[in-house]
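1. A structural model of the following input is requested.
(one chain, ligands or ions: 1)
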Amino acid sequence: MIKDEFFTLSNGVQIPKIGFGTWLIEQEKVKKPVLEALEVGYRHIDSAEGYGNEVGVGQAVRESGLARKEVFVTTKLRAEFKTYQESVDAINKSLNDLDIDYIDLMIIHAPKPWGEMGNPNAQRYQEGNLEAWKALEEAYKQGKIRAIGVSNFDQNDIQNIIDNSEIAPMVNQIKIHIGNVPNDLIEYDKAHNILTEAYSPIAHGDLLANSQIALIAGNYDVTLSQLAIRYLLQLGTLPLPKTLSKEHMADNLNVDFTISADDMDKLNNIVG
Ligand SMILES: NC(=O)c1ccc[n+]([C@@H]2O[C@H](COP(=O)([O-])OP(=O)(O)OC[C@H]3O[C@@H](n4cnc5c(N)ncnc54)[C@H](OP(=O)(O)O)[C@@H]3O)[C@@H](O)[C@H]2O)c1
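-> This is a model prediction of the structure:
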């Protein structure tokens, strides 16, 4: 079953094939859904320093009754931190706030500060990303983090790290859902042995109203959400769905069906 399956990262670390997203779930509210997700069978939680919920995520992991090694926890280095020292401090703060001995995966949240992400003329922060990366590499070598990676990085941003650092990113977490598939970047990641994680797999819920997708979901007697998640797995990417409903959590893990090549083609041609 998918819930018991893993991708293997370039350094041999195994990562559960579906992760539970926690964006916009506040510190005071996050413990309950994460505990429920772990009860339902998720073994991979996606958090971020920028989500302001690491303390609650860590509490849920500790209180779940599961052995630490059974749960894979990702967090992210804030997009705004582009100096070595800020990054070292932020990594230590995440370790402290999560309070789960070590972090399984830590990724640079974005190549530029969020305020500049939409601006094509903004500087690329190549030096800043190398400084942040150096801090991640050191924490990785010290055993504080089991795998390191990036998020929202394009080919140039990743190549900068590969060309100028000791360790290559193991993961790139980007926005992918039916109607929004950056094929070239996914191919680039594959060619460089980088696992692509798919965030916003249901387009924040927007896919659920799409009648074309509903028709295809009907072929398998699954929900739109299940189809959207299965589609991403068949692209070779790792989906990170978020929900506050325990029923939806179970639904999103129950994706042990196969979308036909013909339907994959139809889904590939849906325009987002
Ligand atoms: N690296 C980055 O920059 C970045 C950016 C964005 C997101 N992310 C990660 O990706 C995760 C997911 O992305 P997202 O939060 O944008 O949203 P998403 O997972 O694409 O969609 C979440 C929405 O879908 C609904 N939903 C989920 N499962 C459902 C189901 N089975 N049936 C019906 N509705 C369902 C949820 O509502 P209900 O609660 O009512 O189920 C919620 O409104 C984030 O939480 C975060 O961990 C990363």
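
2. from here on, contacts and neighbour counts on C-alpha atoms
-> OK.

3. Need the contact partners of stretch 217-230.
-> 177-178, 201-202, 207-208, 213-214, 239, 241, 251-259 (Cα atoms under 8 Å, 6 or more residues apart in numbering).

4. Just the buried subset of the residues you listed, please.
-> 177-178, 201-202, 207, 213-214, 239, 241, 252-255, 259 (16 or more other Cα atoms under 10 Å).

5. before we move on, back to that, in strands, which of the contacts of stretch 217-230 fall?
-> In strands, judged by DSSP state E, the following of these are found: P239.

6. Spell out which parts of the protein neighbour the ligand.
-> 21-23, 46-47, 109, 151, 173, 199-205, 225, 240-245, 248, 251-252 (Cα under 6 Å from any ligand atom).

7. Which residue does the stretch 1-150 of the chain have closest to the ligand?
-> Nearest residue of the stretch 1-150 of the chain to the ligand: G21, at 3.2 Å (Cα to the nearest ligand atom).

8. Count the neighbours of that residue for me.
-> 24 (other Cα atoms under 10 Å).

9. Was I right to think it contacts D46?
-> Yes. Using Cα atoms under 8 Å, G21 makes contact with D46 at a distance of 5.0 Å.

10. shared neighbours of those two, anything?
-> In contact with both G21 and D46: L240, using Cα under 8 Å, 6+ apart.

11. and the residue of the stretch 51-200 of the chain nearest the ligand?
-> Nearest residue of the stretch 51-200 of the chain to the ligand (Cα to the nearest ligand atom) works out as S200 at 3.2 Å.

12. Could you find the closest non-adjacent residue to that residue?
-> K175 (5.9 Å; Cα to Cα, 6 or more residues apart in numbering).

13. Which residues are in contact with the one you found?
-> N152, A198, Y199, S200, P201.

14. Relative to K141, which of those residues is nearest.
-> Nearest to K141, judged by Cα to Cα, of the contacts of K175 is N152 at 23.9 Å.

15. what's the neighbour count on D184?
-> So D184, with other Cα under 10 Å, has 11 neighbours.

16. meant to ask about E28, not that
-> Neighbour number of E28 under other Cα under 10 Å is 12.

17. quick one: contacts for it?
-> Counting by Cα under 8 Å, 6+ apart, E28 has contacts N53, G56.

18. Check the secondary structure at it for me.
-> Look at E28: counting by DSSP: H, G, I helix; E, B strand; the rest coil, its state is helix.

19. quick one: it from T243, how far?
-> 16 Å (Cα to Cα, to the nearest Å).

20. One more: F20?
-> 8 Å.

21. which one of those two has more residues nearby?
-> Between F20 and T243, counting by other Cα under 10 Å, F20 is the more crowded of the two (24 against 18).

22. and the nearest residue to the more buried one once chain neighbours are set aside, bridged to which residues?
-> Nearest residue to F20 in three dimensions, chain neighbours excluded: I45, at 4.8 Å (Cα to Cα, 6+ apart). Taking DSSP bridges as the rule, I45 bridges to F20, V73.

23. which residues does I45 contact?
-> Contacts of I45 (Cα under 8 Å, 6+ apart): G19, F20, G21, T22, V34, V71, F72, V73, T74.

24. and with 10 Å instead?
-> 16, 18-22, 34, 37-38, 57-58, 61, 71-75, 104, 240, 242 (Cα atoms under 10 Å, 6 or more residues apart in numbering).
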